[in-house]
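J.: here's a sequence, model it:
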Amino acid sequence: QVHLVESGAALVQAGHSLRLSCGVSGRDFDNFAMAWFRQAPGQERKFVAALEWSGITIFYASAVKGRFTISKDKAKNMVYLETNNAKPEDTAVYYCAAGKALTTGPEYDYWGQGTQVTVSS
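T.: Take a look at the predicted model:
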């Protein structure tokens, strides 16, 4: 079982930095992949970025590539998602996910409760 808890700034001005954190706990996640998804109002949940917990492979959605960065701190059991140029279209509930396969689809086994991010223009 893996437990994920997201945290981060709830309200950000456009053009400013945004950093989300995901605390990872539990057992046997050394070979897992960690991912971020987001769901904007009235839309389906969409992939943002993912990485291998014990590897170097990273995936980004084309919509955020070059603007968002996913990273990890294995010593702290944390996964991060950040940008230094938040846009109003980044407004969404952001979810942290973990699973055995690194994928851009929703096939992750564990999900956090989500954290709301609003980017004001």
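
J.: report the central residue of the chain.
T.: Trp36 (2.5 Å; C-alpha atoms, centre = their mean).

J.: how near is that residue to Ser121?
T.: Per C-beta to C-beta, to the nearest Å, Trp36 is found 23 Å from Ser121. In this view, the C-beta of every residue, glycine as well, is placed from N, C-alpha and C.

J.: now do His16
T.: 11 Å.

J.: and what of Cys96?
T.: For Cys96 relative to Ser121 (C-beta to C-beta), the value is 26 Å.

J.: quick check: mean pLDDT across stretch 95-112?
T.: Averaging pLDDT along stretch 95-112 yields 96.

J.: ditto for stretch 35-42
T.: The average pLDDT for stretch 35-42 rounds to 97.

J.: for the chain, what spans make up the strands?
T.: With DSSP state E, the ranges of strands along the chain come out as 2-8, 11-13, 18-26, 33-39, 46-52, 58-60, 69-73, 78-83, 92-99, 110-111, 115-120.

J.: which residues sit against stretch 46-64?
T.: With contact meaning C-beta atoms under 8 Å, 6 or more residues apart in numbering, stretch 46-64 is reached by 29-40, 66, 68-72, 74, 79, 81, 83, 94, 98, 102-106.

J.: give me the distance between the two termini of it.
T.: One end of stretch 46-64 to the other measures 11 Å (C-alpha to C-alpha, to the nearest Å).

J.: list the buried ones in that stretch?
T.: For stretch 46-64, burial by neighbour count (16 or more other C-beta atoms under 10 Å) applies to Phe47, Val48, Ala49, Ala50, Leu51, Trp53, Phe59, Tyr60, Ala61, Val64.

J.: what is the nearest of those to Val2?
T.: Trp53 (10.2 Å; C-beta to C-beta).

J.: what is the burial count for Arg27?
T.: 8 (other C-beta atoms under 10 Å).

J.: next up, the contacts around it.
T.: When contacts are counted by C-beta under 8 Å, 6+ apart, Arg27 touches Gln1, Val2.
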